[in-house]
Structures are given as C-alpha cells and as structure tokens.
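*Asks:* any chance you could fold what I've pasted below:
(chains A, B, C and D)
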Number of protein chains: 2
Amino acid sequence: MIADPAARRDVPDATVARLPEYLRALTDLAGRGVASVSSEELATVAGVRSAKLRKDLSHLGSYGVRGVGYEVEVLAHEISRQLGLAQNWPVAIVGLGYLGHALATYSGFANRGYHVVALLDRDPEIVGQEIAGMIVGSVDDLEQVVTGHGVAIGVIATPAASAQEVCDRFVAVGVRSVLNFAPCVLSVPQGVHVRKVDLATELQILAFHEQRKTESVRESRPLLEVSP
Amino acid sequence: MIADPAARRDVPDATVARLPEYLRALTDLAGRGVASVSSEELATVAGVRSAKLRKDLSHLGSYGVRGVGYEVEVLAHEISRQLGLAQNWPVAIVGLGYLGHALATYSGFANRGYHVVALLDRDPEIVGQEIAGMIVGSVDDLEQVVTGHGVAIGVIATPAASAQEVCDRFVAVGVRSVLNFAPCVLSVPQGVHVRKVDLATELQILAFHEQRKTESVRESRPLLEVSP
DNA sequence: TACTGTGAAGCTATTCACAGCG
DNA sequence: CGCTGTGAATAGCTTCACAGTA
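*Replies:* Residues are numbered from 1 along each chain as shown, chains lettered A, B, ... in the order given. As a prediction, the model looks like this:
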C-alpha cells in the first residue's frame, strides 16, 4: 500500500456525490461541539446506512480509529481537501433572474469554498444593478471576465434558448466545469463537465411516486395488467 | 398476487429520473413541428445513448414502431400520463427568500402539471407581499392551507433550522411528497417521499472533478502509473 | 430495409458479515 | 469489547448485439 496521503485512489462517482452531505453533517456536529462520532451516528445525521458510509470513506483512505470512531475535525478536513474546498474556486453566474439572484446571494457558496466573482446578464435593465454587493456586468464581457478572474466554474441560469451559447463561450475561454439550471441539454467537448439541475424535473419525479401511492390506494390492486 | 403497496418495482428509479428529460425533449421536438423520431435522434436531444433510451421506454410499454420510430405526440402523452402530469398537483411553497421567490415564479411548474396554490413564510415583512400573483400567507396557517387546497407536494425553501418543523407539519396533515431545498436531512415516516436539492452540493461535486483535472495537468503524468 | 424491443453480458453500487485492530 | 475497514455476495444499472417486425 501507498503511504502518500495525496495518492489518488479511484473514488466512485456515487461516493463523490455523497461527500458534500457527509461534510455538511460533520460541520453540523462540529458546531454542536461533538468531537468524535461512530459511523452509525454520522450515517444517521447524513441520512445513509452505516455500511455505505464506511465503504464510501474507505475510498478516501483510513481516517477512523477501530473501536472508537472518527474524529470530526480530522474527517471534515480530509473530505474538504478531497473536494478541493481549500481552493476558493472563482465562480461566474450568468442570468440574474430570480434563480440567478438566489444563487448570487446563497450563503452556502461563500461558506463552502466558492467565491462568486462575477454576475452577468444580457438585459440592460439588470446590468448595472447591485446584487449581493456586486454590480451586474454585461454578458458581452464574458470572455474578459472569465479570463481576468480565472473563473473555474460557470453557472448558467439563463433561459434555455441562451444556455448553449453561453456555455460555448465559457468553454471557448477555458472553463471546464459548468452548472446548468436551464432546462436543456448542453453539448460540450470531451473533458468539460456539466451538471444539470432542473427544478421541474424534481417535482415530476415526486409526482410519479405520488401518483403510484394514490393509485394503489384507489385501486388496491397491483399495476400489472393492461389489455392490448 | 396480493395488492402489496411495496410490490412496485415496475419502473426502475433510474428510468423514472430520466422520464422528465425525455418529456422535455419531446416537447421541444413537437414545438419544432417534428412528428416522428428515432431512438437515436431522441436520445441525442435528451443527452443519453439510444440503447438506454429504448430500454427505459420499454419499461413503459411498447409505444414505438419498428423500422420507423416513435410518434412524438403519442410518446409525450404516454410519458405525461405515467408521470401523472394530467393531475395538476397542488403545490405549497414554504419560505420565500430569493430561492422560494424563484420557485414561485418558475414558469416550468405551471406549464408542466403543477399548480402552486400557496406561498407561506414566517417573516411578517414577507407575509402579505404579492409574489407571482399570489399573496404570501403566514406559515401559521399551514395546516389549514394544506387541507383546504388538498396540497399533494410540499416545497421547503426555508433555512435549515426550520426545515424539519415545516416538514413535520406537512406530514402531520397528510402530505407524502416533499421537495427539500434546505441543506439538512429530513426525517420522515415510511411512505413519505423526500427529494433533496442542494445547490452547494452540486458545486462541490463539480469542484471535485475540476480539482482532479487541475492536478493531472500540474503533475502532467498519466493516472495509471503509481510506483509501489 | 431500418428500426424497435429485449435477452444476456458486463459493470457499478449497495449490503452483508466478519476479520482485524485499537 | 466495540468499531472500522473490507472481501464477498447481492442487487441494480448500462451496454451490447441481434432477433423480430412494420
């Protein structure tokens, strides 16, 4: 085995997706003065099963003490490091409708390793406004802003019709990570990461399950058969 | 077979999670006057592989024509039906900070089978304001509002500290589907569905990958070779 | 022919259950 | 002893490849 703490093991995507939640849980515990937790306790706070938590953490290395548990500070620091939260990533937000506005003022960003360095919009009514202590700039200056601030992550909160164009411009000046709130698929070259969040999608998934619950109560019979 | 409410592994979760995206793609195509698509074309618009699309659709039944493709209208209708979008689910939003505001005005909801019937907040400064054509009510009236409008889905956009309490009150008056934007884990009884969206989580996942890219550039060596 | 629908194979993720260690 | 870390077992998801069909 390798002693190098920076040794890059392969961390599964499913695990990566849960690390922020573990970090959030650990931060909560630290705030309440808890110094040490078992996998069972931490799993409860994070909303997963303890076996899954232990397996996930095992991909990062061995940061627990057998018979005791995990030191909250140590583990929080390690997860932060792996997520790269020490680096204060410069973020630019394009599109300052209500959602962009919400993102710009979201304290969760500043507190967790991100630094919103630019707000851009196309609408002359919005350009020049002050939001979250920053002046909204024109999307025309996107390239200059990205280059000037070394923006690493681009957030797209525009209508769907503009999203691909904004994305292309981000990519053209070197942005390789994009968070897309517009309800459309973005096409990007290899090596660029896009994550998509669609608020309506989430509601639709809930509605699917809600409908099943309602149906099974109404019909009180299995959904098996449909005659053709 | 018995009408066991737990006996529903009909449509896999992973498939359900993609149905809204397929529907969005189909709606786009319909808007552009396209009447028929192949799985290849639809998959491209939806951002997946055609084999996955076909497998997903096969869980809903057989709505394509071999040698031809899918009729856009027919397939859109079928997915809508399965997602329960004909039912115009009544939704209540609690917490009208910027995010709640964004959700209340999000046209994606009204257009896709949801009906926001109530906005509630705790802050007397916000109660009484008009947002998206509705008057914000007091969270004190939550029970009355939920019962009166038959709210099926509760959206929580409050700070983390209030989220569990709001959730408990939703559940106590019969809400079984909750969309949680607060950065905390909600505990709910069996049979209640919670979906969580955390904006900071999404950024952290991107940052993880961004960091890996940056590291591998800095070190400029392939990820394979690790000397033991 | 050109496409869908689907078994089967391959992969990834989760859970189990216990060895290993403080 | 109690708890972590992990191989092994299981479950779930994706991809392949082609049989089946309008």
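*Asks:* where does pLDDT dip in chain A?
*Replies:* For chain A, the stretches with pLDDT under 70 are A:1-9, A:110, A:216-228.
*Asks:* please, where are all the helices along it?
*Replies:* With DSSP state H, the ranges of helices along chain A come out as A:13-31, A:39-46, A:50-58, A:72-83, A:98-105, A:107-110, A:142-149, A:160-172, A:199-219.
*Asks:* show me what contacts A:Tyr71?
*Replies:* Careful, residue A:71 is Glu; it's not Tyr. Neighbouring residues of A:Glu71 by C-beta atoms under 8 Å, 6 or more residues apart in numbering or on different chains: A:Ala35, A:Ser36, A:Tyr63, A:Val65. (Glycine included, C-beta is placed from N, CA and C.)
*Asks:* how does chain A divide into domains?
*Replies:* A:13-85, A:88-201 (automatic domain parsing).
*Asks:* which one of those is the most hemmed in?
*Replies:* For those, average neighbour numbers computed from mean count of other C-beta atoms under 10 Å in any protein chain shown are highest in domain A:88-201, which has a mean of 19.
*Asks:* still on that earlier bit, when you check DNA strand C, which of the contacts of A:Glu71 turn up near it?
*Replies:* Among those, the residues within reach of DNA strand C (C-beta under 7 Å from any atom of the strand) are A:Val65.
*Asks:* now the two most distant members of the contacts of A:Glu71.
*Replies:* Maximum pairwise distance in those, criterion C-beta to C-beta, is 14.4 Å, between A:Ala35 and A:Tyr63.
*Asks:* any idea how far A:Leu203 is from B:Ser177?
*Replies:* 9 Å (C-beta to C-beta, to the nearest Å).
*Asks:* got it, and A:Ala17?
*Replies:* From A:Ala17 to B:Ser177 the distance is 22 Å (C-beta to C-beta).
*Asks:* contact residues of chain A facing DNA strand D?
*Replies:* Counting by C-beta under 7 Å from any atom of the strand, the residues of chain A near DNA strand D are A:37-40, A:50-51, A:54-55, A:57-58, A:62-70.
*Asks:* and if we set it to 6 Å?
*Replies:* A:38-40, A:51, A:54-55, A:57-58, A:62-64, A:66-70 (C-beta under 6 Å from any atom of the strand).
*Asks:* quick one on the thing from earlier: the domains of chain A: which one's closest to A:Glu215?
*Replies:* Nearest to A:Glu215, of all the domains of chain A, is domain A:88-201, at 21.4 Å by C-beta to C-beta.
*Asks:* which of the contacts of A:Glu71 lies closest to DNA strand C?
*Replies:* A:Val65 (5.5 Å; C-beta to the nearest atom of the strand).
*Asks:* just checking: what are the partner strands of the lengthiest strand in chain A?
*Replies:* When chain A is parsed with DSSP state E, its longest strand is strand A:114-121. Here strand A:114-121 has these sheet partners by DSSP bridges: strand A:89-94 (parallel), strand A:137-138 (parallel).
*Asks:* quick check: angle from that strand to helix B:199-219?
*Replies:* Orientation of strand A:114-121 against helix B:199-219 (axes from the mean of the first three to the mean of the last three C-alpha atoms, to 10 degrees) gives an angle of 100 degrees.
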